[in-house]
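> Structure for the following, please:
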Amino acid sequence: MQEEIRKAIEAVLTELGIADVEFVVEHPGDVTHGDYATNVAMVIAKKLGKNPREVGDELRIALEGKIQYVSAITIAGPGFINFRLHRDFFKEKIAGILTRPDAWGRNDSWKGKKVLVEYTDPNPFKEFHVGHLFTNTVGESVARLFMLNGAEVKCLNYGSDIGLHVAHALWGMKELGIDVSSDFTSRDLGRAYAHGATAYKNEDPRAMQEIREINKGIYEGSTNEFSVLYEKGRAVSIAYFKEMYALLGSEFDAQFFESEVASPGKALVLAHPELFPLSDGAHVFKGEEYGLHTRVFLNKEGLPTYEAKELALAKMKEERLGSYDLSVVSTANEINEYFKVLRKAMSFIYPELAEKTEHIGHGTVRLTSGKMSSRTGNVIPAIDFIDEVADAAAAKMDEGGKIAPTEELARDIALGAIKYATLRGSIFQDSVFDKEKALSFEGDSGPYLQYTHARIVSVLDKAQEVGVTPNAQVGPVEAYAIEKILYRFEEVVAEALHERAPHKVAVYITELAGAFNAFYGEEKIADAGDTYAPYKAAIAEAVRATLKNGLYALGIKAPDRM
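Residues are numbered from 1 along each chain as shown. Next comes the predicted model:
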């Protein structure tokens, strides 16, 4: 509807010979003013030196009868043009939602386009910690928003299975006597990594020398006593990461590793000496020439850095997955500047790929206990964090006493709390995770939205028992307040993707849940004697579908019972 109004205004402006006008069509702050409002009259008036209200009135007359479902157009304030929608619009919207509830909110704006989304990117030989959990949450939501907007999405993962951190872990495995012939876990690998990294950081001469030799051997593919440790450790890490992805609800279409792109990356750098000249024995890209900063692509030992590997990775994505329209890489914002340099270097080697590569550098989520570091071993494994929140969620449900919490439900609620808290604000800003607030069932939280969804399911079950079936044909003369919010979901999904702003979905469905709970507090739904009961049930079902699809956009499950 928003787009229909915009197109009608643009058509009228063309008829009047007015071009290049930037205006907005939005929902007015005061719903009593109407369902949409535009500032176009004030923009034109400023250009033409006319009175905004007079211009607004001219446009109002020109727009009359030209926009389907608009029942009234009025002028307010200094010249805002307000549009009120016809009652039938809301009825038909609810009827449409009931017809295809699972498709509600989707659009075709990206139909026919292929989008690659790379995110999470945990490194083998390290713990899958809460940092990975939060970056997975952001990337998963971005991927789902592209899906909801009609794109063919391929989700990717890129892990560093070679490099100094691997050498740290392998050295630590040997020093700690980890027996690879028996069962060992990712936690053992995390412990070994912390042990090696600490020794290296403390400049233990023996450790530093041995770790450097291990690192070089890995790059060269040497077969020695560490080869078995490497293969076993890598396999354990990858298997565990797959378990974590399943728990988090992420499915990856392709997995890339640094070991695959190291040699091609090195070859690319050496093939372009004019782009990566020698500087103190290393090959660098002089970013200062482009307003950026210089970065090493091949170090003094002749080993490719992350930058060189990323160049090769960009091409390998295309070779493995075919041509695409956009490649999104979602990471923490600490590499924002690095990625600018990378894209600039890429523009000289693979200009077409650089043009369609987008980096989303999101903020970090801190715990109330402070920052973590895998180097010192002061990390919180993601599974421990999830289980801790799940235990707290189970305790809250026990207090409520409505249903006995299963392990699966407690985890779903915990993940709902964690993911919502991560996405409730702009993904570009840092935030703090507060467990008590995140687990609140009183509003502005994942569990609150999940509970509202479950509550609606229960209400509809009760309505069905007394013979009330959702039907949008017969409704009251005036639309309910919640109907004025419900229909906006399509716009929110489109806007959230356009602005890379999942929080817009979070804010919207929280407002919708609050409106429904207010609606339910005033209206009876399971009342066979109420003429409008089927319409109220239709509203409830439409809200349920919207909450479920909105939670899906955030990567959160919508339980039917809580």
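
> Which parts of the stretch 351-500 of the chain are strands?
Per DSSP state E, counting those that start in this stretch, the stretch 351-500 of the chain carries strands over the ranges 357-362, 365-367, 431-433.

> right, so these: which one is the most enclosed?
Stretch with highest mean neighbour count among the strands of the stretch 351-500 of the chain: strand 357-362 (a mean of 20; mean count of other CB atoms under 10 Å). Backbone N, C-alpha and C define where each C-beta goes, glycine included.

> Partner strands of that one and their direction?
strand 326-332 (parallel) (DSSP bridges).

> so Lys111 touches Gly150, yeah?
Yes: with contact defined as CB atoms under 8 Å, Lys111 counts as touching Gly150 (3.8 Å).

> More neighbours: these two, which one.
When Lys111 and Gly150 are compared for neighbours, Gly150 comes out ahead with 16 against 11, by other CB atoms under 10 Å.

> So the more buried one versus Gly550, what's the distance?
In this view, Gly150 and Gly550 are 17 Å apart by CB to CB, to the nearest Å.

> Quick check, central residue of this protein?
The centroid of the chain falls nearest to Ser141 when counting by CA atoms, centre = their mean (2.6 Å).

> Surely that one is in contact with Ala553?
Yes: counting by CB under 8 Å, Ala553 is a contact partner of Ser141 at 6.4 Å.

> Please identify every residue contacting each of these two.
Pro502 (CB atoms under 8 Å, 6 or more residues apart in numbering).

> is it true that Ala11 lies in a strand?
No: with DSSP: H, G, I helix; E, B strand; the rest coil as the criterion, Ala11 is located in helix rather than a strand.

> Number the residues from 13 up from this point.
Fine by me, first position is 13 from now on; the one you just mentioned is Ala23.

> Name the nearest residue to it, ignoring sequence neighbours.
Leaving out its chain neighbours, the residue that sits closest to Ala23 by CB to CB, 6 or more residues apart in numbering is Lys78, at 7.6 Å.

> ok, now which ones touch that neighbour?
Counting by CB under 8 Å, 6+ apart, Lys78 has contacts 20, 23-24.

> tell me the phi and psi of the residue lying closest to Ala320 once chain neighbours are set aside?
Of all residues not flanking Ala320 in the chain, Gly277 sits nearest, at 3.6 Å (CB to CB, 6+ apart). Here is the backbone geometry of Gly277 (degrees, to the nearest 10): phi -60, psi -40.

> I'd like the distance between Gly277 and Gly487.
62 Å.

> These two - which one has more neighbours?
A count of neighbours by other CB under 10 Å puts Gly277 above the other of Gly277 and Gly487, at 26 against 22.

> Can I get the strands of the stretch 363-512 of the chain in TSV including distance to Gly428 and mean pLDDT?
Formatted as TSV, the strands of the stretch 363-512 of the chain follow (distance: least, CB to CB, whole Å; pLDDT from 0 to 100):
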stretch	distance to Gly428	mean pLDDT
strand 369-374	19	97
strand 377-379	15	85
strand 443-445	13	89
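
> Can you list the low-confidence ranges for the stretch 463-574 of the chain?
For the stretch 463-574 of the chain, no stretch has pLDDT under 70.

> How about the chain?
Short version for the chain, where the test is pLDDT under 70: 381-390, 413.

> Could you break it into its assigned domains?
Following automatic domain parsing, the chain resolves into domains at 14-97, 131-379, 396-565.

> and the end-to-end length of the longest one?
With CA to CA, to the nearest Å as the measure, domain 131-379 spans 21 Å from end to end.

> Pull stretch 431-448 out as CSV, backbone CA atoms only.
Once non-C-alpha atoms are left out, stretch 431-448 reads as follows in CSV (Å, rounded to 0.1, in the frame of the first residue of the first chain):
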residue,chain,number,x,y,z
LYS,A,431,18.6,-13.9,19.7
TYR,A,432,16.0,-11.3,20.4
ALA,A,433,18.4,-9.5,22.8
THR,A,434,21.0,-9.5,20.1
LEU,A,435,18.6,-8.2,17.4
ARG,A,436,16.3,-5.8,19.3
GLY,A,437,18.7,-2.9,18.6
SER,A,438,20.6,-1.9,15.6
ILE,A,439,23.1,-4.6,14.6
PHE,A,440,25.7,-2.0,14.0
GLN,A,441,25.8,-1.0,17.6
ASP,A,442,27.3,-2.8,20.6
SER,A,443,25.0,-4.1,23.3
VAL,A,444,25.0,-5.9,26.6
PHE,A,445,23.2,-9.1,27.3
ASP,A,446,21.3,-9.0,30.6
LYS,A,447,19.9,-12.5,31.4
GLU,A,448,17.1,-11.3,33.6
